[in-house]
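Q: Provided below for reference: sequence and predicted model.
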Amino acid sequence: MTNMGKTDRTLRLAAGIVLIVLAVILQVSTGRLWWLGLPGLLMVFTGSIAFCPLYVPLKINTRNRTEG
């Protein structure tokens with residue numbers, strides 16, 4: 001069961017990767033802000049499986065009927 005469309009997945013994956021990269025860069029340069037990577041990992045995970053558990057109780061579905 002999926003509840004995310006292509007655009008939602010693409011934006012979520014891109015934002016997750018940006019957060020992970022920022023967390024790595026800031027951790028190396030300042031020794032802080034490693035926690036930015038946690039939401040990034042969550043976004044990459046949910047984007048890769050095309051399912052967001054938070055969408056279920058909110059009754060959100062961004063997937064078109066024509067998509068898988």
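A: Done, it's in. These figures come from a predicted structure and were not determined experimentally.

Q: what about residue 4, helix or strand, and which?
A: In the assignment (DSSP states H and E), residue 4 maps to no helix and no strand.

Q: do I have it right that it meets residue 43?
A: No: using Cβ atoms under 8 Å, residue 4 and residue 43 do not qualify as a contacting pair, with a distance of 11.0 Å. Bear in mind the C-beta positions are built from the backbone N, C-alpha and C, glycine included.

Q: the residue lying closest to residue 15 once chain neighbours are set aside: neighbouring residues, count only.
A: Once flanking residues are discounted, residue 15 sits nearest to residue 43: 5.7 Å by Cβ to Cβ, 6 or more residues apart in numbering. Neighbours of residue 43 under the rule other Cβ atoms under 10 Å: 21.

Q: restrict the helix or strand harbouring residue 43 to CA atoms and write it as CSV.
A: Residue 43 is part of helix 37-49 when elements are defined by DSSP H and E. This file holds the C-alpha atoms of helix 37-49, laid out as CSV (Å, rounded to 0.1, in the frame of the first residue of the first chain):
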residue,chain,number,x,y,z
GLY,A,37,20.3,13.7,9.9
LEU,A,38,17.5,11.9,11.8
PRO,A,39,14.6,13.6,10.0
GLY,A,40,16.6,13.3,6.8
LEU,A,41,16.9,9.5,7.2
LEU,A,42,13.2,9.3,8.0
MET,A,43,12.4,11.3,4.9
VAL,A,44,14.6,9.1,2.7
PHE,A,45,13.2,6.0,4.1
THR,A,46,9.5,7.0,3.7
GLY,A,47,10.2,8.4,0.2
SER,A,48,11.9,5.2,-0.9
ILE,A,49,9.0,2.9,0.2
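
Q: starting at the chain centroid, how far to the very next helix or strand once past that helix?
A: Once the chain leaves helix 37-49, the next helix or strand it forms, by DSSP H and E, is helix 55-58. Here the centre of helix 55-58 is set off from its chain's centre by 16 Å, with Cα atoms, centre = their mean, to the nearest Å.
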